[in-house]
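> sequence first, then the predicted structure, then my questions.
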Amino acid sequence: MSKVQTEAKSDPTNEILVLDGISKTFGELVAIENASLSIRKGEIHALVGENGAGKSTLMNVLYGIHARDSGEMRLRGQNVRFSGPSEAIRAGIGMVHQHFKLSPSFTVAENIILGSEPMKGAGRVDFAKAEAETRELSRRFDLELDPKAVVAKLPVGLRQRVEILKALYRSAEILILDEPTAVLTPNETRELFNTMRSLAASGCTIIFISHKLREVLAVSDRISVMRRGRIMRTFDNENVTAQDIANEMVGRSVLLRVDKSAAREIGQPVLEVNNLVAFGDRGEKAVDDLSLAVRAGEIVGIAGVQGNGQDELVECIAGIRTPGAGSIEINGVAASADPRSAREAGLAYIPVDRGGLGLSLQSPLWENLSVGHLSEVSKGPFLSARRAQERASKLIQAYDVRGGGMFAEAGSLSGGNQQKIQIARELSREATLIVAEQPSQGVDIGAIESIHKVLVTMRNAGKAVLVVSADLDEIMALSDRIVVMYRGRVVGDLASGDTSYEEIGRYMGGLHEDAYRDPATPISRPGLQPPHAIDG
Amino acid sequence: MENLRVLIKSLALPLIAPVVAIAIAAVVGAILIVLLGRSPLEVYQTLLEGGLSGWPNLSVTLQMTTPLLFTGLSVAIAFRAGLWNIGAEGQMLIGALFAGVAGYALAGLPTIVHLPLCIALGFLGGLLWASIPALLRVYLGVNELVVCLMLNPIALLLTGYISTKALKAPGPTNKLPDVAQTAYLPSFSIYSQLNAGIILGIAICIFFLAFNATTVRGFIWKLIGLNPRFAHYGGIDVKTNALWIMLVSGGVAGLAGVEQVLGQYHAFYDNFSPGFGFDGIAVAMLANSNPLGVIAASFLFGTLNGGSAVLQMTTGLSKYFVQVLQFIVVLVLAARFVWHRKPGAIKRKAPATAQPQPVSQEV
Amino acid sequence: MIEELAFSALRISVPLVLAALGGLLTFQAGILNIALDGFMIVAAFAAVAFAYATGSLTIGILAAVICSMLLAALLVVFNLRFKAHIFIAGIAVTFIAYGLTALLLEGIFGQDGMFTSSEIPTFPSIDIPVVKDIPFIGPVISGHTLLVYVTYLAIPVVYWVLYKTRWGLRVRVVGEAEAAAAAAGVNVDRIKIETMLASGFFCGLAGAYLSLGYVSLFAKQMTNDRGLIAIAAIIFAKGNPYATALVALLFGLASALSIRLPEVTGIAPQILQLIPYVVTILALVVVGIRNARARNKHGSWNFDIA
């Protein structure tokens, strides 16, 4: 990089984009609060934070997908407001989403030109010109791609290139990459970083959203950290350590305190996962040779940014996803991909997808509470509505579910109350293993407390509890043992008393080449994998 | 008190959509009537009187109600569980065929054996015909809508071939040999073809009303229609249940054919159906897949169809007017229908959370 | 004799091919339009009515196309704006069309079942000079009426539009990956509306041909499920214009044979008429089996249509 360019990038007046005091609220949820960010021309600027920090929302506001509630956006000195992505695109902003928007059976060139097709007469598309322009663009930005290749046949890394070229085809000067390495192999990640550097060198400005601190440090010029909707700080990459960033990312919250008495007697493993391999819905490897154990009387929290395989892991345990390899045992019983046998083996599963998986939103609460317990509320082939309703009424009272009584539709309840219904239903059975996925997501503070209390009660009663959460406060407050998942593997297995936010935060960010920790007790499983090598 | 309010709410709300749909159809129909140079008031009055006043008219109405009870219930059973069975027309024809063949081929058996046997075989015919889309959907994920759509004309052609060629009754005719007296569904009226089939129809609707409301299986079938993933998570074998739902739905449609063959024509005639299977879709939608609603909606359409003969005589307005009204109702309900009973899986949404997800879909 | 058969096959298949051409455009945009019969029947009625009233074939055809496109507009509005399920709305629209045309047949013409009149203009046959004398090909190709030529010339046009023009590219992308099209700035709803109107246009021509093109008459439900057969052709040929037209032509041939063959061989007409429907189901089964193998066995459980 030339000296001129280096200087330009460190020149604070060379701002191409300024976000000033942006706020955005969705209903009651404050997604972004007074966020201010300045981006310099030609730099690679990373935006980091945990799930729910607001990174994606902020970029969506920038890109015109959401309208901001307040604040200013200045692009090249001019105030702008985009009412849709097409306007943002016209202004020179391009976005590469985490989930690609490509047409699989069409060629690279066709995907790139779609929406801005070069024309010949009579409404015809000039496909030859499209290919030529693609080739030219490919050459100019050093992004090798065969214009005639069919997208469906390309590996993920190349498909991402198509997305990048798509943005560049529309003369994007600012490129937003949303968690671009989430689906890439280490090699492809390396290639991407080279691409990013050369794009920046040719004058492109890149905003790079990620939670992977190692990568962010490897390639960015400056790093802004978001937490709970605010921009906490912007660092220069030259004088910052991973620890600094992690600290900023996972600041402690004073609100969450769970009364957790000292660990009870910890019993035998109830859940044993051995060398599990599982694939996601798009065929990618989501869980990569993962081993894990949860014993009776302990709460194990799986920490990690969502998207590192936690969902797939839980689905395999719950029997709604077939694993690729490895084994899962609940109370010694090998699990099959069948929710019923998982239940019979002693599992109580509280899913994160309440509307899609855990509830029937259009059904009244008493019906929702009866599912999975039909044998208890039936007399022969008949459903005893009376018994079901009595049971429901008791549960609603016991768990303090607010929202209109047992005849109310589940969809009309607040998130917290829906969660309570799920919990009421699942725990009203003799379960020995409780798996709770993102238990406080979309739940108000008051309900969170009672939900946590329930989980601790279960643990004190000798159940094995597995909590998966992207909320580090929750993990730290609840868990006896913390396992961190990154890229489908366990990268940290620590007793909660022996670790800190900072350490967990580091692991969540992929920086786990630290000391290999021995298991705290003889029975627990070794959790740490050998360090990943990520170059770049 | 709370329970009473909930009860009233649960009775009144579901009636809004059908009433609105009927109202809109009536208005559009009125416009049509005016354009054709007649008085809407006169026409609707004639329709209702022609359908309801006096036993002769009423018996025709009830005759026309009967097949709709079966096809309407058939479609309702499937729709309630989120399955698109639009093949009731074909299932009815095959059921009619089976009953028609058993009606003459098994002559010699006493009524007490012959009649129930023919009815059962008719049910079986419809069931078997429905097994094709059922198996293809459950095990291969093939869209049952398209399969049903194709199977309807296939059934018509197959039964046409059998009744005009393969097993044709002797002489220049397009029917199978007459059904033996021992397999007749007894007739009620000299003014129409009203027969005991209507009792079977009403009985079966009431059976399913009870089934839906009081049995565990009925509850499970409803849940599958509302959220199959939730049902699966709750330990329900969704695929096997879906299979049985389609089979039962087909069987009930087969009974529509049974009634026509054993009760009305006493023989299987080629192409005897003026579209009862499709009318069943209209009935099921108006009834919002509720068996009691099926009785009411069948009776409504039966009345309109019954009255349309009188309408034709007195005002010259063709009986197709009723068909137009009927399907305007379907069109209007289709608009609302999607929200009420969304068949098939509810697509895997982002978690029910207050956190907004950017509008993104995957490739 | 074979030439005669080929000639009539080409002629008889015209409504099928036209309807299939229209239907494949919406199919490519991701909509399976099953109301083709409904569109055709209103077109057939309008064609006869207006041609009879004005004595002009041109006006008859124009009326047919307009009425068919109006019905298409109705369907697409209910599907896109009111979120009605395309199949249910399609069935409803078709039966409304059947009923309405039968109603108007009696209401306006006072006829029950069929209307014909010698006052309805007919299409002249066109003898192509030079071509008509070519052995074998001549008698097959020359001597048809205008709409027949329009139909077969339309096939390469549809292919060209779908694969060479910008609109065609956008239609195909909308059909495959709506999100990708939307992200690229394509107005997805507008594309869907335009393809639906196009299918209305083609069905308009098809309906006009039905009632004016050969014998000038309108009869209740005279489409005879041609729309359904066209849908079968589209599904079987996966919406590719040449393949779909060819399959439609073959289905038309089967249909024509089904009337002739019984005279000669005694095979029942129904057997041949079964072919389009049975063949389509078999194709669906094959695709289903292939999908079942390729499907991600490690995906999360769902009960979706493959």
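In hand now; what should we look at? Numbering: from 1, shown residues only, chains lettered A, B, ... in the order given.

> so what's A:S414 up against?
Going by C-beta atoms under 8 Å, 6 or more residues apart in numbering or on different chains, A:S414 touches A:402-403, A:444, A:447. C-beta coordinates here come from the backbone N, C-alpha and C atoms, glycine included.

> whichever of those residues end up buried, select them in PyMOL.
The PyMOL selection below is limited to those of those classed as buried (16 or more other C-beta atoms under 10 Å in any protein chain shown):
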select buried, chain A and resi 403+447
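
> the contacts of A:S414: which two are farthest apart?
Across the contacts of A:S414, the longest distance by C-beta to C-beta is 12.6 Å; it joins A:G403 and A:D444.

> circling back to that earlier point, which of the contacts of A:S414 lies closest to C:L24?
Nearest to C:L24 among the contacts of A:S414 is A:G403, at 49.8 Å by C-beta to C-beta.

> which residues does the residue nearest to the closest one when sequence neighbours are not counted contact?
Once flanking residues are discounted, A:G403 sits nearest to A:L413: 4.0 Å by C-beta to C-beta, 6 or more residues apart in numbering or on different chains. Residues near A:L413 by C-beta under 8 Å, 6+ apart: A:365, A:401-404, A:421.

> now, which of those residues lie within helices?
Among the contacts of A:L413, DSSP state H puts A:365, A:421 in helices.

> how many neighbours does residue 42 have?
Since no chain was named, I'll use chain A. 23 (other C-beta atoms under 10 Å in any protein chain shown).

> oops, wrong one, chain B.
Around B:E42 sit 14 other residues, with neighbours defined as other C-beta under 10 Å.

> so what's it up against?
B:T315.

> switch to 10 Å and redo it
Shown in contact with B:E42 (C-beta atoms under 10 Å, 6 or more residues apart in numbering or on different chains): B:33, B:311, B:314-315, B:317.

> closest to A:T195 out of those residues?
B:I33 (69.7 Å).

> if I look at that closest one, how far off is chain A?
Going from B:I33 to chain A by C-beta to the nearest C-beta, to the nearest Å gives 39 Å.

> surely that residue is within a helix?
Yes: assessed with DSSP: H, G, I helix; E, B strand; the rest coil, B:I33 lies in a helix.

> picking that back up, tell me the one of the contacts of A:S414 nearest chain B?
Of all the contacts of A:S414, chain B sits closest to A:D444, with 9.0 Å by C-beta to the nearest C-beta.

> need the contact list for the closest one.
Taking C-beta under 10 Å, 6+ apart, one finds A:28, A:414-417, B:354 in contact with A:D444.

> considering the residues you listed, which possesses the most neighbours?
A:N417 (23 neighbours).

> so how far is the strand or helix carrying it off the chain centroid?
With secondary structure defined by DSSP states H and E, A:N417 is part of helix A:415-427. From the chain centre to the centre of helix A:415-427 is a distance of 23 Å (C-alpha atoms, centre = their mean, to the nearest Å).

> same question for stretch A:327-341.
Counting by C-alpha atoms, centre = their mean, stretch A:327-341 comes out at 26 Å from the chain centroid.

> now swap in stretch A:448-462 and tell me
25 Å.

> from C:F27, how far out is the closest residue to C:V76 other than its chain neighbours?
With sequence-adjacent residues excluded and distances taken as C-beta to C-beta, 6+ apart, C:V76 is closest to C:M196, at 4.1 Å. Here C:M196 is placed at a distance of 11 Å from C:F27 (C-beta to C-beta, to the nearest Å).

> more crowded one of the two?
C:M196 (29 against 24).

> and the more buried one, what pLDDT?
You'll see C:M196 listed with a pLDDT of 98.

> packing partners for the helix or strand hosting it?
Using DSSP H and E, C:M196 falls within helix C:188-208. On a contact count with 3 or more C-beta pairs under 10 Å, 6 or more residues apart in numbering or on different chains; DSSP states H and E, helix C:188-208 meets helix C:14-28, helix C:36-54, helix C:57-76, helix C:146-164, helix C:166-176, helix C:178-183, helix C:226-236.

> helix or strand next in line after the last one, which one?
Next in sequence after helix C:226-236, counting helices and strands by DSSP H and E, comes helix C:241-265.

> how are the strands of the stretch 351-500 of chain A distributed by residue range?
A:378-379, A:382-383, A:433-437, A:464-469, A:481-486, A:489-495 (DSSP state E, counting those that start in this stretch).

> could you report the neighbour count for residue 106?
Since you didn't name a chain, this refers to chain A. A:F106: 20 neighbours (other C-beta under 10 Å).

> wait, I meant chain B there
B:L106 has 17 nearby residues by other C-beta under 10 Å.

> ok now do it, which residues does it touch?
B:113-114, B:117-118, B:121, B:179-180, B:182-183.

> do the same with B:G171
So B:G171 contacts nothing (C-beta under 10 Å, 6+ apart).

> so where's chain A uncertain?
Residues of chain A meeting the criterion pLDDT under 70: A:1-12, A:251-264, A:513-536.

> remind me which helix or strand the residue sitting nearest the centre point of it belongs to.
The residue lying closest to the centre of chain A (C-alpha atoms, centre = their mean) is A:Q306, at 2.7 Å. Take DSSP H and E as the rule and A:Q306 turns out to sit in neither a helix nor a strand.

> now do the lowest-mean-pLDDT helix or strand in chain C: which elements does it pack against?
Here the helix or strand of chain C ranked lowest by mean pLDDT, DSSP states H and E is helix C:137-141, holding a mean of 82. The contact analysis (3+ C-beta pairs under 10 Å, 6+ apart) places helix C:137-141 against helix C:2-12, helix C:146-164.

> pull it out as CSV, backbone CA atoms only.
Output in CSV follows, covering the C-alpha atoms of helix C:137-141 (Å, rounded to 0.1, in the frame of the first residue of the first chain):
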residue,chain,number,x,y,z
ILE,C,137,-45.3,-31.3,-46.2
GLY,C,138,-47.6,-29.2,-48.4
PRO,C,139,-50.9,-30.7,-47.5
VAL,C,140,-49.9,-30.8,-43.9
ILE,C,141,-48.9,-27.2,-43.6
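
> show me which residues of it are buried.
So helix C:137-141, judged by 16+ other C-beta under 10 Å, has buried residues C:138-141.

> looking at those residues, which is nearest chain A?
C:I141 (27.6 Å).

> list the contacts of the closest one.
C:6-7, C:10, C:128, C:131-132, C:134, C:148-149, C:152.

> which one of those is nearest A:F193?
For the contacts of C:I141, the nearest to A:F193 is C:Y152 (56.6 Å; C-beta to C-beta).

> verify the stated contact: that closest one with C:S13.
Yes: the pair C:Y152 / C:S13 is scored as a contact, 9.3 Å apart, by C-beta atoms under 10 Å.

> neighbour count: the two, which is higher?
The neighbour comparison of C:Y152 against C:S13 (other C-beta under 10 Å) goes to C:S13, with 27 against 17.

> distance of that one from chain B?
18 Å.

> by neighbour count, which of the contacts of C:I141 wins?
C:V148 (23 neighbours).

> measure it to C:A9 for me?
11 Å.

> can you put the contacts of A:D444 in TSV and add distance to A:R124?
Output for those, formatted as TSV (distance: C-beta to C-beta, whole Å):
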residue	distance to A:R124
A:E28	52
A:S414	55
A:G415	52
A:G416	57
A:N417	58
B:A354	48
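
> check the residues you listed and tell me the two furthest apart.
Going by C-beta to C-beta, the pair spanning the contacts of A:D444 furthest: A:E28 and A:N417, at 14.3 Å.

> A:V465: what's it in contact with?
Applying C-beta under 10 Å, 6+ apart, the residues near A:V465 are A:270-271, A:294, A:296-301, A:348, A:433-436, A:454-459, A:478-480.

> low-confidence ranges, the stretch 201-350 of chain B, go.
B:336-350.

> list the contacts for B:F219?
For B:F219, counting by C-beta under 10 Å, 6+ apart, the contacting residues are A:363, A:367, A:370-371, A:374, A:377-378, A:382-383, A:385, A:388, B:211-213, B:236.
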